[in-house]
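**Q** how would this look folded up:
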Amino acid sequence: MDPHLLRTFVTVARTGSFSTAAQRLGYTQSAVSQQIAALESDLGLPLLHRRPVTPTEAGARLLDHAEPLLLRLRAARADVLRTAAMPAHRLTLAATPLALNPRLAHRLARARAAQPRLQITIRTCARDEVMRQVAVGEATIGLADGIAAPNDPLPPHDAAPLTTTGLCQEDLVVALPPDHPLAGRPGLRLADLVDARWLQTTLCPVRRLRHLAGDGFPVALDYTGDDVHTVLNLVAAGHGLTLLPASVGRGVPLSHPRLVHRVELLHATLPDGPAARLAADLS
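**A** Presented below is the predicted three-dimensional model:
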C-alpha cells in the first residue's frame with residue numbers, strides 16, 4: 001500500500017470530510033477522492049461510507065494499522081536524518097507534566113551548568129505525545145512518567161524503537177479532600193477504593209488503576225488538561241480522588257499494592273555531543 005494513500009485515508013477518516021482533508025493535505029477535493037478510490041481498488045474493499053463519511057468495518061481495521069505504520073515511517077526518516085549534523089547546542093526536551101520532579105530538575109540544572117552554551121526548550125505534553133515527538137525527531141530527548149510496580153518499566157509504545165532508561169521512582173499518595181472520612185488514615189489500600197469516585201486525568205488514567213487492581217473506580221469527572229494545581233483544586237472541592245507522587249500533593253500513602261511513580265528517559269540514537277552528554281547526566 002502506498003503510504004501517501006494511507007495518509008490521505010487516515011486524514012479523511014479522522015476529519016469525517018473529504019473537503020476538510022483536502023484543505024489539510026493541500027490537495028483538491030477531487031484528488032483526495034481519487035486517492036481513496038485508488039486505495040479501495042488496491043484492497044478490493046470499500047473503506048469509507050460517503051454519507052456521512054465514516055469508516056466501513058474494513059476501513060476501521062485499516063485505520064488501526066495505518067496510523068502506527070505512518071508513525072513508524074516518520075520515525076525511520078527521522079532516525080536516518082539524525083546521522084546528519086545536528087545543531088550543536090540547541091535541543092528540545094519533551095516531558096510529561098510530572099516528569100520533571102525536584103530531583104530531575106536539579107539534575108537538569110547541573111547538566112546545564114556543565115554545558116553553559118546548551119540551549120534547551122522544554123515542551124510539556126501527554127506521554128504518548130512525548131514518545132511520538134522523540135520518535136519522529138521533533139524532540140531530542142523525552143521524559144515520561146507513569147504508575148508502575150517498583151522497578152518495572154512503564155508500558156511500551158509502538159511508535160519506534162527507543163532507548164528507555166529508568167531515572168527515578170517515588171511513592172504514591174491518594175489525594176483526598178481535607179474533610180474526607182479517610183483523610184486521617186496512615187495508609188490506604190487501592191482495593192478499598194474501587195467504589196470511590198475518581199478523577200480521570202492524564203496524570204492518573206483510571207484505566208491504569210483498573211489494569212492494576214481490577215474493575216471499579218467509577219469516573220466522576222474527566223479532566224483532559226495537565227495542570228497539577230487544577231487537579232488538586234478539583235480533588236479539594238470533592239470532584240473525585242486521584243493518585244499523585246508524594247512530592248507533588250498531600251494525601252494518604254498508598255499501602256497496597258506496592259506502586260510507585262516512575263520517570264523514564266527516552267531517546268533514539270544520539271550521536272556524540274551535547275544531547276548524548278545531557279542524556280548521560282540525567283541518567
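
**Q** go through stretch 39-48 and flag the buried ones.
**A** 39-40, 47-48 (16 or more other CB atoms under 10 Å). For glycine as for every other residue, the C-beta is placed from the backbone atoms N, C-alpha and C.

**Q** please enumerate the helices of the stretch 1-150 of the chain.
**A** Taking DSSP state H, counting those that start in this stretch as the criterion, the stretch 1-150 of the chain contains helices spanning 3-15, 18-25, 29-43, 57-81, 102-114, 127-136.

**Q** just give me how far the lowest-mean-pLDDT helix or strand in the chain sits from the chain centre.
**A** Of all the helices and strands that make up the chain, the one with the lowest confidence by mean pLDDT, DSSP states H and E is helix 57-81; it has a mean of 80. The chain centre lies 17 Å from the centre of helix 57-81; the measure is CA atoms, centre = their mean, to the nearest Å.

**Q** ok, now stretch 119-134?
**A** 8 Å.

**Q** cool, and stretch 50-57?
**A** Here the centre of mass of C-alpha atoms in stretch 50-57, compared against the chain's by CA atoms, centre = their mean, lies 29 Å away.

**Q** other residues contacting it?
**A** Outside of stretch 50-57, the residues within contact range by CB atoms under 8 Å, 6 or more residues apart in numbering are 12-13, 16-18, 45-49, 62-63.

**Q** thinking again about what came up before, the least confident helix or strand of the chain to helix 29-43, inter-axis angle?
**A** Per axes from the mean of the first three to the mean of the last three CA atoms, to 10 degrees, the angle that helix 57-81 makes with helix 29-43 is 100 degrees.

**Q** report the buried residues of helix 57-81.
**A** When burial is assessed from 16+ other CB under 10 Å, helix 57-81 yields the following buried residues: 59, 62-63, 66, 69, 71-72, 74-75, 78-79.

**Q** quick check, nearest of the residues you listed to residue 163?
**A** Ranked by distance to residue 163 (CB to CB), the buried residues of helix 57-81 are led by residue 79 at 11.7 Å.

**Q** contact partners for residue 99?
**A** Contact analysis of residue 99 by CB under 8 Å, 6+ apart lists 143-145, 263.

**Q** can you map out the helices along the stretch 151-283 of the chain?
**A** Remark: helices assigned in the stretch 151-283 of the chain by DSSP H, counting those that start in this stretch are 206-213, 228-236, 274-282.

**Q** the helices of the stretch 1-150 of the chain: lowest mean pLDDT?
**A** In terms of average pLDDT, helix 57-81 trails the rest of the helices of the stretch 1-150 of the chain, at a mean of 80.

**Q** tilt between it and helix 127-136?
**A** Using the same axes, to 10 degrees, the inter-axis angle of helix 57-81 relative to helix 127-136 is 50 degrees.

**Q** tell me which of the helices of the stretch 1-150 of the chain sits nearest to residue 169.
**A** Shortest separation from residue 169 across the helices of the stretch 1-150 of the chain is recorded for helix 102-114, at 10.3 Å, computed as CB to CB.

**Q** how distant is the closest one from the center of its chain?
**A** Relative to its parent chain, helix 102-114 has a centroid offset of 23 Å by CA atoms, centre = their mean.

**Q** next, the angle helix 274-282 makes with that helix.
**A** If you take the same axes, to 10 degrees, helix 102-114 sits at 140 degrees to helix 274-282.

**Q** with only the CA atoms kept, save helix 102-114 in PDB.
**A** The C-alpha trace of helix 102-114 is given here as PDB (Å, rounded to 0.1, in the frame of the first residue of the first chain):
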ATOM      1  CA  PRO A 102      12.600  18.200  42.100                       C
ATOM      2  CA  ARG A 103      15.300  15.500  41.800                       C
ATOM      3  CA  LEU A 104      15.400  15.600  38.000                       C
ATOM      4  CA  ALA A 105      15.100  19.400  37.900                       C
ATOM      5  CA  HIS A 106      18.300  19.600  39.900                       C
ATOM      6  CA  ARG A 107      20.000  17.100  37.700                       C
ATOM      7  CA  LEU A 108      19.000  19.200  34.700                       C
ATOM      8  CA  ALA A 109      20.400  22.300  36.400                       C
ATOM      9  CA  ARG A 110      23.800  20.500  36.900                       C
ATOM     10  CA  ALA A 111      23.800  19.300  33.300                       C
ATOM     11  CA  ARG A 112      23.200  22.900  32.000                       C
ATOM     12  CA  ALA A 113      26.000  24.200  34.300                       C
ATOM     13  CA  ALA A 114      28.300  21.700  32.800                       C
END
